[in-house]
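Enquirer: no sequence on this one, just coordinates:
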């Protein structure tokens, strides 16, 4: 201090110095002196001050004498200190050692330098990126190798998962999905297994095992994290004690089912993450980032931890950044959403099942309706019906005249080919069957109507005598008929005989005056007459009767009786001859002239009609 | 909220677990003792108006000869203090407690502790035995008679230990 004081005083001559001092003193006096009053005190003080200055002056001289050489040295030192170039040289000499020393003490130097270095680097890289590339080139290779190794590691992990899931039901489902989506199976597995949620993150004090901070995902209800933290620490210790593990190595993963606990230990604290599902490698990186950041921010607090965890509230954001999750597929699983392909298959199977059941049900309904119909069908007695494995079985009695049961099946949409039947024949006594049987036996002509009353068969209408005769006999053999009532039945031959007789007797063959030859155009009438005669002959044969047709000739009233008689006879003979020539049996024909004996004369008779031949039928 | 790790130590069968069972918050079952050798419980207390949470590491009882029954001293790591539990009806458990205390001092250094003399309800015959008592009173140990059965002294045990830990 003394040296410096001496240094501060400029080097003047003694007289000059004295004068200067006096001036200074005067100035000082002027500045210090109060404006008014207490002048006596001030004067004393000034005197004292002056004496002091005088003494100092002397001291200065003494000092100069005593420390003159040192003063030169000090001057030189001062020059050197003030010169930046010298100072830089000095610092340069010790800088490296100083950095080493300080770094050993604490990290303040590093912290202080960090921003400047970062900025310097940024500027440098911006300025000349190529330089950085050149520098990094040799090391970047190994960095990439390391990164690839990590990726390969996780790929091996996923490969393991792939293999694990290859033979499970899940795996089968995923295989279907892979096939449906055209993705490789491994990718599908990865897609599903990479779904996870970090449910809880613990920050645990390494030394005490006490929980410092704890965060949970929004939807998670955590159990006492203090106890869990303690237990996790205990498990760490247990593993450490029980198995030969290296110093600094620690339990990194616990896995139970789909719950994983990942543990990342720093020097002072441990981060533990409870993960449901399979988290990707990034989650581990997030943990490492968090533990590093926490050590950087709260390292001192961690070291000084005495049980007060509240000071660690500030690190929550780091832990929260670990609460990663990947939803989507898992939620899909949670909601049991089927893959479209599987859903489609299931839907098809479901529809097929419904259709099959419905078919079965419908078949059963149809079968029931069909059997019901057969029960109602006359002439069929169903004694047993059953449905066995797609085949239908029928047993019973059937009248041969009843409808064919197979033919009814089509009406109920029952496949006749699936029906197995065994019908025993029998004769139904229902009236329609008795009538049908009678019909088959008797072959009644369409003019006959049959009806059944109890066991009596009533016949009505007309039929040939022969049929009527046969019917009475045949009816006895028909089941269900005991007697025959033919009272309402008319003999058709007899009736026809009457009709034919009437028709023939209406016929008239006309002649010209005095001629025995028929009038022109009477040929048709003669043909008609011939037909009637032939028919009468047939009917008489069937009726086992004798028929005779009398052909009578007539004349008008002009002329003589003899002439007329002869002419009438001739006219009848002419017609008889014509009929014989035209196929009418001569046995039945008898010609007679009747003019003289039985003159036909009636008021309404036209004169032309008088000259005629007419017919008369006689049955015997 | 201040948290302190406290270990429960003592000979086999002194009733450590029953001592804490009814008075602590428990999440884990007894099986943890036989599997990983520790069971962790929690006791919340209020000391000087502030909440203090004692995380109790209940270590399995130490057998006399069985090596496997040795308490893992690594579990003492980071403990703020511990409770030595002895059976008031079995003076030999004091000997085990002494050994345990010595091992703790050797491995993790000096820690505050309290001796819980359990089964107080059965009568503390050993205290009347000067040859036993005399030896331990010299060591300035703090004894608190407790009973897991009646609950007597248990709150006091944890409360007094917590107060010492918070102060310390």
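Expert: Received it, and whenever you're ready, just let me know what you need. Just so you know, these numbers come straight off a predicted model, no measurement behind them. Numbers count the residues shown, from 1 in each chain, chains lettered A, B, ... in the order given.

Enquirer: Look up which helix or strand residue 56 falls in, please.
Expert: Just going to use chain A. Under the criterion of DSSP states H and E, residue A:56 resides in helix A:39-82.

Enquirer: hmm, I had chain B in mind actually
Expert: strand B:50-58.

Enquirer: Relative to that strand, what are the paired strands and their orientations?
Expert: In its sheet, strand B:50-58 lies beside strand B:2-10 (parallel), strand B:39-47 (antiparallel), with partners assigned from DSSP bridges.

Enquirer: after it comes which helix or strand?
Expert: Immediately after strand B:50-58, counting by DSSP H and E, sits strand B:81-87.

Enquirer: any idea how far that next one is from the chain center?
Expert: Centroid separation between strand B:81-87 and its chain, computed with C-alpha atoms, centre = their mean, to the nearest Å, is 2 Å.

Enquirer: Spell out whether that strand and chain A are in contact.
Expert: No - in terms of C-beta under 8 Å from any C-beta of the partner chain, no part of strand B:81-87 sits within range of chain A; the closest distance is 10.7 Å. Just so you know, the C-beta spots here come from the backbone N, C-alpha and C atoms, and that holds for glycine as well.

Enquirer: Could you check the helix or strand following that strand and say which residues are buried?
Expert: The helix or strand immediately downstream of strand B:81-87 is helix B:92-108, counting by DSSP H and E. Buried positions in helix B:92-108, judged by neighbour count with 16 or more other C-beta atoms under 10 Å in any protein chain shown: B:93-94, B:96-98, B:100-101, B:103-104, B:108.

Enquirer: Which strands or helices does whichever helix or strand comes after helix B:92-108 pack on?
Expert: Where DSSP H and E defines the elements, the next helix or strand beyond helix B:92-108 is strand B:113-118. Helices and strands touching strand B:113-118, by 3 or more C-beta pairs under 8 Å, 6 or more residues apart in numbering or on different chains; DSSP states H and E, are helix B:16-21, strand B:81-87, helix B:92-108, strand B:143-145, helix B:154-167.

Enquirer: what comes into contact with strand B:113-118?
Expert: By C-beta atoms under 8 Å, 6 or more residues apart in numbering or on different chains, the surrounding residues in contact with strand B:113-118 are B:10, B:14-16, B:19, B:81-88, B:97, B:101, B:104, B:124, B:127, B:136, B:141-148, B:153, B:157, B:160-161, B:164.

Enquirer: Filter those down to the buried ones.
Expert: If we count by 16+ other C-beta under 10 Å, those have these buried: B:10, B:14-16, B:19, B:81-88, B:97, B:101, B:104, B:124, B:127, B:136, B:143-148, B:153, B:157, B:161, B:164.

Enquirer: lowest confidence element among the helices and strands of the chain?
Expert: Going with chain A. helix A:329-334 (a mean of 42; mean pLDDT, DSSP states H and E).

Enquirer: should've been chain B
Expert: Here the helix or strand of chain B ranked lowest by mean pLDDT, DSSP H and E is helix B:130-137, holding a mean of 53.

Enquirer: Tell me the strands beside the helix or strand where residue A:273 lies, with direction?
Expert: Per DSSP H and E: residue A:273 is located in strand A:269-277. Using DSSP bridges, the strands paired with strand A:269-277 are strand A:196-205 (antiparallel), strand A:259-265 (antiparallel).

Enquirer: Pipe these into CSV and attach mean neighbour count and mean pLDDT per row.
Expert: Below are the strands paired with strand A:269-277 laid out as CSV (neighbours: other C-beta atoms under 10 Å in any protein chain shown; pLDDT from 0 to 100):
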stretch, mean neighbour count, mean pLDDT
strand A:196-205, 24, 90
strand A:259-265, 19, 88
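
Enquirer: Neighbours of residue A:254, how many?
Expert: Each residue near residue A:254 was counted by other C-beta atoms under 10 Å in any protein chain shown, and the total is 16.

Enquirer: For it, name its beta-bridge partners.
Expert: Bridge pairing for residue A:254 - DSSP bridges - gives residue A:261.

Enquirer: Contacts only, for it.
Expert: Residues in contact with residue A:254 (C-beta under 8 Å, 6+ apart) are A:235, A:260-261, A:263.

Enquirer: and the two most separated of the residues you listed?
Expert: By the measure C-beta to C-beta, A:235 and A:260 form the most distant pair in those, at 14.0 Å.

Enquirer: looking at the strands paired with strand B:50-58, which is buried most?
Expert: Most buried of those, by mean neighbour count (mean count of other C-beta atoms under 10 Å in any protein chain shown): strand B:2-10, with a mean of 26.

Enquirer: hmm, back to that, what is the subsequent helix or strand relative to the helix holding residue A:56?
Expert: Taking DSSP H and E, what comes next after helix A:39-82 is helix A:84-105.

Enquirer: Tell me the helix or strand right after that next one.
Expert: Next element after helix A:84-105 (DSSP H and E): helix A:108-127.

Enquirer: pLDDT averaged over that following helix - what is it?
Expert: In this model, helix A:108-127 has a mean pLDDT of 86.

Enquirer: From residue A:455, how far off is the one residue sitting closest to the centre of chain B?
Expert: The residue lying closest to the centre of chain B (C-alpha atoms, centre = their mean) is residue B:83, at 2.5 Å. Using C-beta to C-beta, to the nearest Å, residue B:83 is found at 119 Å from residue A:455.

Enquirer: And for residue A:285?
Expert: Relative to residue A:455, and taking C-beta to C-beta, residue A:285 is found at 110 Å.

Enquirer: likewise residue A:483?
Expert: For residue A:483, the distance to residue A:455 - C-beta to C-beta - is 7 Å.

Enquirer: Torsion angles phi and psi at whichever residue of chain B sits closest to chain A?
Expert: Across chain B, no residue is closer to chain A than residue B:78, which sits at 3.3 Å (C-beta to the nearest C-beta). Backbone torsions of residue B:78, given as degrees, to the nearest 10, read phi 80, psi 0.

Enquirer: Could you do residue A:443 as well?
Expert: phi 50, psi 60.

Enquirer: neighbours of it, just the number please.
Expert: 12.

Enquirer: residues in contact with residue A:79?
Expert: Applying C-beta under 8 Å, 6+ apart, no residues qualify as near residue A:79.
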